[in-house]
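Participant: Got a sequence here, can you build the structure:
(2 chains)
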Amino acid sequence: MSIEKFLNQSLSNWMNGEGPHSDIVLTSRIRLARNLKDFLFPTVFSQEDSKRVLEYIEKIIPFLNEYPLKNIELLKMDQLQELQKQVLVEKHLISPNLAKESLNGACLLSENENISIMINEEDHIRIQVLLSGLQLERALEIANMVDDQIEKQVDYAYNEVYGYLTSCPTNVGTGLRASVMMHLPGLVMTQQMSQLIPSINQLGLVVRGIYGEGSEALGNIFQISNQITLGKSEQDVLFDLNGVVEQIISQERAARETIRKTSEVQLEDKVFRSLGVLTNCRIIESKEAAQCLSDVRMGIDMGYIKNISKTILNELMILTQPGFLQQYAGGPLRPFDRDVRRAKLIRERLFLERNK
Amino acid sequence: MLCEECQMRPATLHFTKIINGEKTEIHLCEQCAQEKGNLFFMNQSPGLTINNLLAGLFNVHPNFNQTQQEAVQHNELLQCNECGMTFSRFLKVGKFGCPNCYLTFHDQLTPILKRLHGGNWKHSGKIPKRAGGSLYIKKKIDILKETLQTLIEKEEFEKAAEIRDEIRMYERQLQEGEA
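Facilitator: So this is what the prediction gives:
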């Protein structure tokens, strides 16, 4: 497969690097958890129950035909190959849980991959909308349109006191999880993240590094999301999250300027070294790749590196994961071969930029 | 063979534990095994999952005394008649089995919800059009009344009259629905 063709097939709309504050906020995501009234939750249901839920949903798909749900495609987990599922997980379109453990798990996917609706995950229905940049309100608006169309066709489990009923009480109420993925190299470099995280937690929000294990954030990418789903309206949740995110954005900008003022040469050195590594490497592990991509992206955002598009971080963080590399290679790869493939993919991608 | 934990799915994982010569066998399905958090067959999700933590959170019984112990025993006997979920099992896994569990464990649930959701125990967000029924209309009327108030304060009486008519229409709908 040529790299152009691979990129064309692999990129989702949300990786295009557009939208407000897209120099720092990579994506905004909204997730709504919903359940059907007359079925057991997926946490306890049998193979037979799960089949009935899926059949029920399949029957209503033809009626989900208004904007934004035109041309949705149903993907059943047991009909996909492991590698195909892994790629969907790496693109954040389905959860690892759905790919691996679900009974009759499935996913409804919109054409531009902004909307994915997981069936038979922890809840019967999980609507997810993923947009680039900071656009939580827009994402919620789309998710609500999807939710309303589905509600016309099915009976939701809903209660006046508790709201939308979910299998885990951490999601009950609105069933809403709003999250924002942020690139925060400035705050990491100036060692402010460790102070910031506890204070964000106090506001009922959760910060965690996505990619990488535990608190370590690979590629300086963090996810911030709401924890409370009960007793606050969807709008209030978004208002609070937006407030905190905007605060972090301005702190990140300030941190970058401080670094520019106090140690510009070192910063430039770091940025261009990383670019050097990416353009010349022959073997690269995901951890090193993530760090270099983060440096290069910051170099682009701060104007040191020109002629390379800023989508490079969004794209390559996704495309250099094991599933994608194996898809690009056309078959399974051992870890060492992956590191070689990863290096090759990154070099080819950067070469494309230079010849634009 | 059925899973010992949920008694619902077939047991696919079989463990033999020998401690000081004492042999115990455990037969579990994959989902329950994962929930139990046994460390020896971890695939990707290590040690503490959110549900382990949750279960810990629910299990806090400060000032443990006789009467509370009785209350706890009573709670643990509670069972949902739709899905068979018991309260003690819920405490273990941190997840309910069906919508009816929320009604069955209503009394026990409030303190748990308060702990999870910053003191809140009552929904105040979106109301679905159909499942919400009259509640949806009531909420709409509340919002319209607020708009009406601000319009009156701004002395925009023409618009206010329109809103007032709309409120009346919804109120009629509500009465017809209840009648």
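Participant: what's the burial count for the closest residue to residue A:230 other than its chain neighbours?
Facilitator: In this structure, residue A:230 finds its nearest non-sequential neighbour in residue A:173, 3.5 Å apart by CB to CB, 6 or more residues apart in numbering or on different chains. Using the backbone N, CA and C atoms, a C-beta is placed for each residue, glycine as well. Residue A:173: 33 surrounding residues under other CB atoms under 10 Å in any protein chain shown.
Participant: can you check residue A:81 too?
Facilitator: Count around residue A:81 with other CB under 10 Å applied: 8.
Participant: Residue A:192 too?
Facilitator: Residue A:192 is flanked by 17 other residues according to other CB under 10 Å.
Participant: what's the answer for the one 5 residues further on, then?
Facilitator: Each residue near residue A:197 was counted by other CB under 10 Å, and the total is 18.
Participant: Quick check: it touching residue A:209?
Facilitator: No. Assessed by CB atoms under 8 Å, residue A:197 is found out of contact with residue A:209, at 9.9 Å.
Participant: ok, back up a step: could you give the backbone dihedrals for the residue nearest to residue A:230?
Facilitator: Here is the backbone geometry of residue A:173 (degrees, to the nearest 10): phi 110, psi -110.
Participant: if we look at stretch A:348-356, which residues are touching it?
Facilitator: Outside stretch A:348-356, the residues that touch it by CB atoms under 8 Å, 6 or more residues apart in numbering or on different chains are A:3, A:4, A:7, A:278, A:279, A:307, A:308, A:309, A:312, A:315, A:316, A:319.
Participant: What is the most widely separated pair among these?
Facilitator: With CB to CB as the measure, no two of the contacts of stretch A:348-356 lie farther apart than A:307 and A:319, at 20.3 Å.
Participant: So for those two, which residue has more residues nearby?
Facilitator: When residue A:307 and residue A:319 are compared for neighbours, residue A:319 comes out ahead with 25 against 8, by other CB under 10 Å.
Participant: pLDDT wise, what is residue A:239 at?
Facilitator: Note for residue A:239: predicted pLDDT of 95.
Participant: Please name every helix or strand in contact with the helix or strand hosting it.
Facilitator: Using DSSP states H and E, residue A:239 sits in helix A:234-280. With contacts defined as 3 or more CB pairs under 8 Å, 6 or more residues apart in numbering or on different chains; DSSP states H and E, helix A:234-280 has these neighbours: helix A:136-153, strand A:176-183, helix A:185-189, helix A:193-202, strand A:205-209, strand A:221-226, helix A:286-301, helix A:335-354.
Participant: ok, back up a step: who's in contact with the residue nearest to residue A:230?
Facilitator: Counting by CB under 8 Å, 6+ apart, the residues that residue A:173 touches are A:162, A:163, A:164, A:229, A:230, A:231, A:232, B:117, B:120, B:123, B:125.
Participant: Against residue A:343, how distant is it?
Facilitator: 47 Å (CB to CB, to the nearest Å).
Participant: CA atoms of the longest helix anywhere in chain B as PDB?
Facilitator: Longest helix in chain B, counting residues (DSSP state H): helix B:157-178. What follows is helix B:157-178, C-alpha atoms only, in PDB (Å, rounded to 0.1, in the frame of the first residue of the first chain):
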ATOM      1  CA  PHE B 157     -44.800  42.900  26.200                       C
ATOM      2  CA  GLU B 158     -45.500  41.800  22.700                       C
ATOM      3  CA  LYS B 159     -43.000  38.900  22.900                       C
ATOM      4  CA  ALA B 160     -44.200  38.200  26.400                       C
ATOM      5  CA  ALA B 161     -47.700  37.800  25.200                       C
ATOM      6  CA  GLU B 162     -46.600  35.200  22.700                       C
ATOM      7  CA  ILE B 163     -44.700  33.300  25.400                       C
ATOM      8  CA  ARG B 164     -47.700  33.400  27.700                       C
ATOM      9  CA  ASP B 165     -49.900  31.900  24.900                       C
ATOM     10  CA  GLU B 166     -47.300  29.100  24.500                       C
ATOM     11  CA  ILE B 167     -47.300  28.400  28.200                       C
ATOM     12  CA  ARG B 168     -51.100  28.100  28.200                       C
ATOM     13  CA  MET B 169     -50.900  25.700  25.200                       C
ATOM     14  CA  TYR B 170     -48.500  23.500  27.100                       C
ATOM     15  CA  GLU B 171     -50.600  23.700  30.300                       C
ATOM     16  CA  ARG B 172     -53.600  22.600  28.400                       C
ATOM     17  CA  GLN B 173     -51.600  19.700  26.900                       C
ATOM     18  CA  LEU B 174     -50.600  18.700  30.400                       C
ATOM     19  CA  GLN B 175     -54.200  18.800  31.700                       C
ATOM     20  CA  GLU B 176     -55.400  16.700  28.800                       C
ATOM     21  CA  GLY B 177     -52.700  14.200  29.400                       C
ATOM     22  CA  GLU B 178     -53.600  13.800  33.100                       C
END
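Participant: what is the rounded mean pLDDT of it?
Facilitator: Here the average pLDDT along helix B:157-178 is 85.
Participant: which outside residues touch it?
Facilitator: The contact list for helix B:157-178, computed with CB under 8 Å, 6+ apart, reads B:133, B:134, B:137, B:138, B:140, B:141, B:144, B:145, B:147, B:148, B:151, B:152.
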